[in-house]
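> Sharing a model that was predicted from the sequence below.
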Amino acid sequence: MGTDADLIVLGGGPAGAVSAWLAARDGLRVLLVDPGRGRPRLEGLSPRLHRWLAGQGLLDGFDAITGPLRRQVDWAGISESNAEHVVERAALDAHLRRCAETAGARLVIGSGRPEPGGVWLGGARLRAPMVIDARGRRSPAAGGKAPATLALAGRVGAAL
């Protein structure tokens, strides 16, 4: 039985789109599955992530970003000042999906369900030896109970 792709990525937000971009850039056949709908909202983007995205050329031609802007944060009695960029998230997601497509990923509009060896999408099975579910809190596995944000490095005890 053949495969439809080397990698299927579920979710076209920053994590999924950048994963698809990296894999396609490195020569894999990639399907990026996303429902293609995003509501406009503003979010903060850290200076570190902004530097990385810009350094990779992933912000070229993207103008829905402002900053860095100063902000004050207070966590459990710890107060500090830092900065972040403000980005219109739906526009950033769409831009990063286009970057993935430019690198060779194929965008598939829909919402899939991962299974061993592939993904079920609209009654059809897409086959690939690797699947990344990058839908974050929208993932069915999260069951609507995932936290608003999750620091993966903190979760696994890694230092970035």
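Nice, thanks for sending it over.
> contacts, neighbours, all on C-alpha from now
Will do.
> can you pull out the helices in the chain?
Under the criterion DSSP state H, the chain contains helices at 14-25, 47-55, 89-103, 152-156.
> So for the residue nearest to residue 59 when sequence neighbours are not counted, what pLDDT did the model give?
The shortest distance from residue 59 to any non-neighbouring residue, by Cα to Cα, 6 or more residues apart in numbering, is to residue 53 (6.1 Å). Among the per-residue scores, residue 53 shows a pLDDT of 95.
> now swap in residue 49 and tell me
Looking at residue 49, its pLDDT reads 92.
> Near it, how many other residues are there?
By other Cα atoms under 10 Å, 12 other residues sit near residue 49.
> swap in residue 14?
Neighbour tally, residue 14, other Cα under 10 Å: 18.
> cool, residue 42 as well?
Neighbours around residue 42, by other Cα under 10 Å: 14.
> Quick one, grab the pLDDT at it.
Per the predicted model, pLDDT is 90 at residue 42.
> How about residue 90?
92.
> what sits against it?
38-41 (Cα atoms under 8 Å, 6 or more residues apart in numbering).
> try it again with 10 Å
Shown in contact with residue 90 (Cα atoms under 10 Å, 6 or more residues apart in numbering): 13, 36-43, 64, 96.
> Any of these buried? List them.
Applying 16 or more other Cα atoms under 10 Å to the contacts of residue 90, the neighbour count classes 13, 36, 96 as buried.
> any idea how far the closest residue to the first one other than its chain neighbours is from residue 11?
Yep, that's residue 13 we're talking about. Leaving aside its sequence neighbours, residue 13 sits nearest to residue 93 (Cα to Cα, 6+ apart; 5.0 Å). As judged by Cα to Cα, to the nearest Å, residue 93 and residue 11 stand 10 Å apart.
> more neighbours, those two?
Shown here are residue 93 and residue 11; by other Cα under 10 Å, residue 11 has more neighbours (28 against 22).
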